[in-house]
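> What follows is a protein structure lacking sequence information:
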């Protein structure tokens, strides 16, 4: 299974979750399953939005009319320890208690790992083991990668696009990405600014990620059309500053990102135990995570003929290291 792209990783998280835990969660009841899934996937949605807001720029200078470049952008988002778990308070659930009698307990989310089995007991005595994160272990780094290009569109304006064609992560699984951005150089607005050793510009960018997984054949729960659909949207508005040297330049940015990530568990499920025993439920779970915040970036850009490379580090909710390699004219 390919795990070199964050959105692939996020889909894999939901795939593994679907294969082993959808039936267990439905044993908790719809409201309890929805509540747990929201907390379980929250950091995954946040990381996806954070990561997709990176890699849009490597200089405040925009390209001249019809000048262009194409290349690859890769990101590494870092998941802090406190983002690998959440506090499950049984008072927020209906008819659920920990087997050891504690009223609340720290449990793993999609990026975490429980220290031993954590079991909850439903009214009636049914026991359900809560899921670990992906692979049953902690995830500290989440990678992403995509193709990206840019072209000078008009005076002081550059259009950028990022894309990953629809690919099969595994059987019955697909992911797809696209994004657009506009960068406008502000240095040209005021003549005196042209004499400064820096350039200034502004950028607005949008990225959309979609994923699909049909797990009907792998499900342990009888039913039909069982699938997960993932959709994520990320926006970035940023100011950019960079130096004016010919080969090696420093650049930085300060901006605001926002977005949301939605995962829907669709299809019909014939639940065998718990509050929904002997019932068929349809489209039982929908998780929507929203996040936003400020970010600051500092990086270096190298230009050698037609080849360009850049490396930057971003301070944000999930800190990020980004690298780009491009060819252009």
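All right, it came through fine. Nothing here was measured: the structure is a model prediction, and the numbers come from that model.
> The lengthiest strand in the chain: how far from the chain's middle?
In the chain, with assignment by DSSP state E, the single longest strand is strand 248-271. Put simply, strand 248-271 sits 4 Å off its chain's centre (C-alpha atoms, centre = their mean, to the nearest Å).
> Adjust the sequence numbering to begin at 21 for everything that follows.
New numbering, starting at 21: the last item is strand 268-291.
> Report all helices and strands that it contacts.
Applying 3 or more C-beta pairs under 8 Å, 6 or more residues apart in numbering; DSSP states H and E, one finds that strand 268-291 contacts helix 26-47, helix 50-72, strand 243-263, strand 299-302, strand 305-324. C-beta coordinates here come from the backbone N, C-alpha and C atoms, glycine included.
> Now with 10 Å, please.
Contact partners of strand 268-291 among helices and strands, from 3 or more C-beta pairs under 10 Å, 6 or more residues apart in numbering; DSSP states H and E: helix 26-47, helix 50-72, strand 218-234, strand 243-263, strand 299-302, strand 305-324, strand 327-335.
> That one to strand 243-263, inter-axis angle?
170 degrees (axes from the mean of the first three to the mean of the last three C-alpha atoms, to 10 degrees).
> strands paired with strand 268-291, and their directions?
Taking DSSP bridges as the criterion, strand 268-291 forms sheet pairs with strand 243-263 (antiparallel), strand 299-302 (antiparallel), strand 305-324 (antiparallel).
> quick one, which of the ones you listed is packed in tightest?
Counting by mean count of other C-beta atoms under 10 Å, strand 243-263 has the highest mean neighbour count of the strands paired with strand 268-291, with a mean of 19.
> any weak-confidence spans in the stretch 171-320 of the chain?
The stretch 171-320 of the chain contains residues with pLDDT under 70 at 188-190.
> Start and end of stretch 205-217, how far apart?
Stretch 205-217 has an end-to-end distance of 14 Å (C-alpha to C-alpha, to the nearest Å).
> in that stretch, what counts as buried?
Using 16 or more other C-beta atoms under 10 Å as the test for burial, stretch 205-217 gives 205-208.
> now stretch 60-75
Within stretch 60-75, the residues that qualify as buried by neighbour count (16+ other C-beta under 10 Å) are 60-75.
> Centre of the chain to it, how far?
Distance of stretch 60-75 from its chain centroid, counting by C-alpha atoms, centre = their mean, is 3 Å.
> again, but for stretch 305-314
Stretch 305-314 has its C-alpha centroid displaced from the chain centroid by 10 Å (C-alpha atoms, centre = their mean).
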